[in-house]
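Student: sequence first, predicted model second:
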Amino acid sequence: MAEKSIEIIGLTKRYGEHVAVDNLTLSVEKGEIFGLLGPNGAGKSTTILMLLGLTEIDSGSVKVCGIDSSRYPLEVKRKVGYLPEDVGFYNDYTGMQNLLYVARLNNIPMEEAQKTALETLAEVGLEEAKDKKVAGYSRGMRQRLGLADVLIKKPEVIILDEPTLGLDPEGVKKFLQLIVDLSRKKGITVLFSSHHLHQVQQLCDRVGIFVKGKLLAEGKISSLAEQLFSKNAHTLEGAVAETEETSLSLKELARKMEQMEGVAQVEMRDKRFVIASKKDMSVPISRLVVNSGYGLHSLSKKEYGLDDIYHQYFQEEKQI
Ligand SMILES: Nc1ncnc2c1ncn2[C@@H]1O[C@H](COP(=O)(O)OP(=O)(O)OP(=O)(O)O)[C@@H](O)[C@H]1O
């Protein structure tokens, strides 16, 4: 069995009456890039705090690299690099000086720190800007310096919480590519928390859809729509026209459609219908329409995809 870098079992966190994380079970394999995808307030940051051992858990267990985060937070901190939305730097220091400061905090010997800082700055594309004061860095450069900050500790796991906030589309693309490259090159496990479906789609091997503290679906992006809309995964839209042979009223036709096995819901408005069903009903529905003496003006099948997930759960943020 593949080695697990993150293992969460039945994790629950309450703030008073409010359940912020509700019985979450999730695991991420070593070297995998996992997307924790959910709208604002879903409980992503709370989950991350528990992973880092920075907030108490109410029940369940959480392990990072096999270490219990709630009991041994300092040991976990040594293995994990955490990049929050906005990293605080000393603006009057250069990129290099900021990194050396972090190295010192992490007890990395000075000589090694110099060497590693230079290597890390090159890895994140800040080699040329290393002696520039951070005050003059763009938002994208600050985020890359944040990544360098995380990498200098040589972590086994990186946790990124909405790291692309405020970056322009090109900056986002470059930043995400950098994460993929680093993860693949160094075998680092990545947990990427975001409410941007399209970013997660670009970056992650596997994704968990997290809404109101609960994991609704988990797997490869391609299988998520199927899991989320599995009850009524098929929608048929069509229009009928009365002919001389019409034997049923529209209301009766709609009732007959509803009675067909597999059909969950029928909406008939004027001569247009929308049918939600568990399986593809296009053939039996068209047969019923024709046998009832109606003409079938149009019939189209709709399959749920990523855009539907986006509209159902994340539409409040229209950023791509
Ligand atoms: N310290 C706290 N005290 C009380 N409630 C909190 C606290 N922290 C978070 N919450 C609540 O818990 C829920 C989950 O919040 P959390 O910040 O984990 O969500 P999120 O998915 O990270 O969203 P966002 O991206 O907006 O930060 C929210 O309803 C939030 O209001």
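Tutor: That came through, no problem.
Student: who in this structure is up against the ligand?
Tutor: Counting by Cβ under 6 Å from any ligand atom, the residues of the chain lying close to the ligand are Y15, H18, A20, G38, N40, G41, A42, G43, K44, S45, T46. From N, CA and C alone the C-beta is placed, and that goes for glycine too.
Student: tabulate these (JSON lines), appending pLDDT, neighbour count and secondary structure.
Tutor: Output for the residues of the chain next to the ligand, formatted as JSON lines (pLDDT from 0 to 100; neighbours: other Cβ atoms under 10 Å; DSSP: H, G, I helix; E, B strand; the rest coil):
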{"residue": "Y15", "pLDDT": "94", "neighbour count": "11", "secondary structure": "strand"}
{"residue": "H18", "pLDDT": "94", "neighbour count": "9", "secondary structure": "strand"}
{"residue": "A20", "pLDDT": "95", "neighbour count": "22", "secondary structure": "strand"}
{"residue": "G38", "pLDDT": "89", "neighbour count": "24", "secondary structure": "coil"}
{"residue": "N40", "pLDDT": "85", "neighbour count": "11", "secondary structure": "coil"}
{"residue": "G41", "pLDDT": "87", "neighbour count": "13", "secondary structure": "coil"}
{"residue": "A42", "pLDDT": "90", "neighbour count": "25", "secondary structure": "coil"}
{"residue": "G43", "pLDDT": "93", "neighbour count": "24", "secondary structure": "coil"}
{"residue": "K44", "pLDDT": "93", "neighbour count": "24", "secondary structure": "helix"}
{"residue": "S45", "pLDDT": "93", "neighbour count": "18", "secondary structure": "helix"}
{"residue": "T46", "pLDDT": "95", "neighbour count": "20", "secondary structure": "helix"}
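Student: how about the contacts made by L197?
Tutor: Taking Cβ atoms under 8 Å, 6 or more residues apart in numbering as the criterion, L197 is in contact with L37, L306, I309, Y310, F314.
Student: is it true that the third one lies in a strand?
Tutor: So the one you mean is I309. No. Read with DSSP: H, G, I helix; E, B strand; the rest coil, I309 is helix and lies in no strand.
Student: I209 is in contact with that one, correct?
Tutor: Yes. With contact defined as Cβ atoms under 8 Å, I309 and I209 form a contacting pair (7.0 Å).
Student: give me the common contacts of those two.
Tutor: Joint contacts of I309 and I209 (Cβ under 8 Å, 6+ apart) are L224, L228.
Student: does anything pack onto the top helix by length along the chain? Which helices or strands?
Tutor: Identified as the longest helix of the chain according to DSSP state H is helix 169-186. The contact analysis (3 or more Cβ pairs under 8 Å, 6 or more residues apart in numbering; DSSP states H and E) places helix 169-186 against strand 33-37, helix 139-151, strand 157-161, strand 189-194, helix 197-203.
Student: where does the stretch 101-250 of the chain dip in pLDDT?
Tutor: 230-231 (pLDDT under 70).
Student: distance of the spatially closest residue to E242 that is not a sequence neighbour from S70?
Tutor: The spatial neighbour of E242 that comes closest, neighbours along the chain excluded (Cβ to Cβ, 6 or more residues apart in numbering), is Y294 at 6.4 Å. Distance, Y294 to S70, using Cβ to Cβ, to the nearest Å: 64 Å.
Student: again with G213
Tutor: 18 Å.
Student: which one of these two has more residues nearby?
Tutor: Neighbours were counted for G213 and for S70 using other Cβ atoms under 10 Å; G213 has more, 23 against 17.
Student: quick one, phi/psi of that one?
Tutor: Backbone torsions of G213, given as degrees, to the nearest 10, read phi 80, psi 0.
Student: hmm, it is touching K44, no?
Tutor: No. Using Cβ under 8 Å, G213 is not in contact with K44, being 9.9 Å away.
Student: possible to save the helices and strands packed on helix 169-186 as CSV with distance to G53?
Tutor: CSV is the format used below for the helices and strands packed on helix 169-186 (distance: least, Cβ to Cβ, whole Å):
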stretch, distance to G53
strand 33-37, 17
helix 139-151, 17
strand 157-161, 12
strand 189-194, 15
helix 197-203, 25
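Student: just these: most buried one?
Tutor: strand 33-37 (a mean of 26; mean count of other Cβ atoms under 10 Å).
Student: what residue is smack in the middle of the chain?
Tutor: L37 (2.5 Å; Cα atoms, centre = their mean).
Student: tell me the contacts of that one?
Tutor: Applying Cβ under 8 Å, 6+ apart, the residues near L37 are S193, S194, H195, L197, V200, V207, G208, I209, F210, F314.
Student: contacting residues for the spatially closest residue to it that is not a sequence neighbour?
Tutor: The shortest distance from L37 to any non-neighbouring residue, by Cβ to Cβ, 6+ apart, is to V200 (4.9 Å). Contact analysis of V200 by Cβ under 8 Å, 6+ apart lists G35, L37, F192, S194, V207, I221.
Student: if we use 10 Å, what do you get?
Tutor: Contact partners of V200, counting by Cβ atoms under 10 Å, 6 or more residues apart in numbering, are 33-37, 176, 192-194, 206-209, 221, 306, 314.
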